[in-house]
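[1] Sequence first, then the predicted structure, then my questions.
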Amino acid sequence: MALVELRHDLRGDSVFLVSGRQVVLNIGLVAVVLAIPISIVTRSTTMTTDVPGWMIGAAIVAIAVGIPHGAVDHLTLGRSLPGRTILGLGIAYLGIALAAAAAVILLPGVAFIAVLAMTVWHFGAGDVEASRELDGAPPETGSTRILHAIAAGSAPVLLPLTSPAAVSTLYAIQPRLAQVFTPALITGVRIAVLSLIVITLVVLIQQGRMRAAIELTALAVLGYVVAPLIAFAVYFAFWHSLRHTARLAEYRFGTVRPRAVGRIFLLGLPALIGTVLVVAVLVSTASSLSISAAWLWFGLALVWGLTVPHMVMVSLFDHHRRRSARPNGLTSTPTR
């Protein structure tokens, strides 16, 4: 009798694990698909900066909800480390972040493009790996992985950022970017990204990976049609951060149950609280539009700076997960 109950429990956990993975994957896809017609109906597209206040508020909340996922990089290490080692890693982490932020501030053209390229790879490679794990698929390798990662990162990052609405906003925040982000460059980037996405879709369809093709198509339409802030918020909260949080929950706790995902979120909650406090102080001390723009650029540079060590750690985590993947496509037993 006990053996029967044990088998039943194990089967129930297995079923929930699979369904939980699919729920996480479907949340992102549904959110992206719904955002497209909503933006068209409300005329909040990439051609205008006139976005309804309620949508801006919702986008800010969505981005805030996604912030904690980037503050739990220590969980990717998978094991307890001595206090001295943790302290050293923390100092190195902050040092890299501050150096990257300073580079963006001092060299807004070159450094911004470099960080942007890294961001495209981070989002794309991270999403490809997270989606692969949650879908129980084998690791991608070789040129297919590189092609898929760049396309998956370019769709939600480069397409919104090079839209007319985003470009005008960037120029207002940091005029020196106009020297680098010329109309010819912007047009070339958008043509290159769309061409890359089409090529990647052809490859995915030829391989019979229809879900991956549908997801890439949804991200491309989102980035091309929806207002930049709304597009990034939907992608960041319901796609990128949720999938990364879910894979960390499975890696650390062996499950994607809501409680496990919530535990990961709570571990990163102090970062969200700190971000809100800093933003509140900066907004309250800004006495003019020019000062607000300067503070906003400083804040963006700091966020991009923190993204650099985050990208490094997630990349190492992805590499470890691919190496430890079993032949049947399932990852190795999570480290508790």
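    That came through fine.
[2] Centre-most residue in the protein?
    Among the residues of the chain, the one closest to the centroid is residue 240, at 3.8 Å (CA atoms, centre = their mean).
[3] Pretty sure that one sits against residue 127.
    Yes: here residue 240 reaches residue 127: they are 6.0 Å apart, a contact under CB atoms under 8 Å. C-beta coordinates here come from the backbone N, C-alpha and C atoms, glycine included.
[4] which residues touch the residue nearest to the centre of the chain?
    Residue 240 is in contact with 66, 69, 123, 126, 127, 156, counting by CB atoms under 8 Å, 6 or more residues apart in numbering.
[5] same question, residue 74
    Residue 74 neighbours (CB under 8 Å, 6+ apart): 86, 89.
[6] A strand includes it, no?
    No: applying DSSP: H, G, I helix; E, B strand; the rest coil, one finds residue 74 to be helix, outside a strand.
[7] how close does it sit to residue 320?
    For residue 74, the distance to residue 320 equals 14 Å [CB to CB, to the nearest Å].
[8] How about residue 183?
    From residue 183 across to residue 320, the span is 43 Å (CB to CB).
[9] So which of those two has more stuff around it?
    Applying other CB atoms under 10 Å to residue 183 and residue 320 shows that residue 320 carries more neighbours, namely 16 against 9.
[10] Does that one lie in a helix or a strand, and which?
    Using DSSP states H and E, residue 320 falls within helix 289-323.
[11] buried ones in that helix?
    By 16 or more other CB atoms under 10 Å, the buried positions in helix 289-323 come out as 293, 295-297, 299-315, 317-318, 320-322.
[12] got it, and stretch 21-36?
    Under 16+ other CB under 10 Å, the buried positions of stretch 21-36 are 21, 24, 25, 27, 28, 29, 31, 32, 35, 36.
[13] low-confidence ranges in the chain?
    Scanning the chain for pLDDT under 70 picks out 1-18, 78-81, 83, 278-296, 325-336.
[14] got the contact list for stretch 190-202?
    Defining contact as CB under 8 Å, 6+ apart, one finds that stretch 190-202 is touched by 147-148, 150-152, 154-155, 158-159, 162, 213, 216-217, 220, 224.
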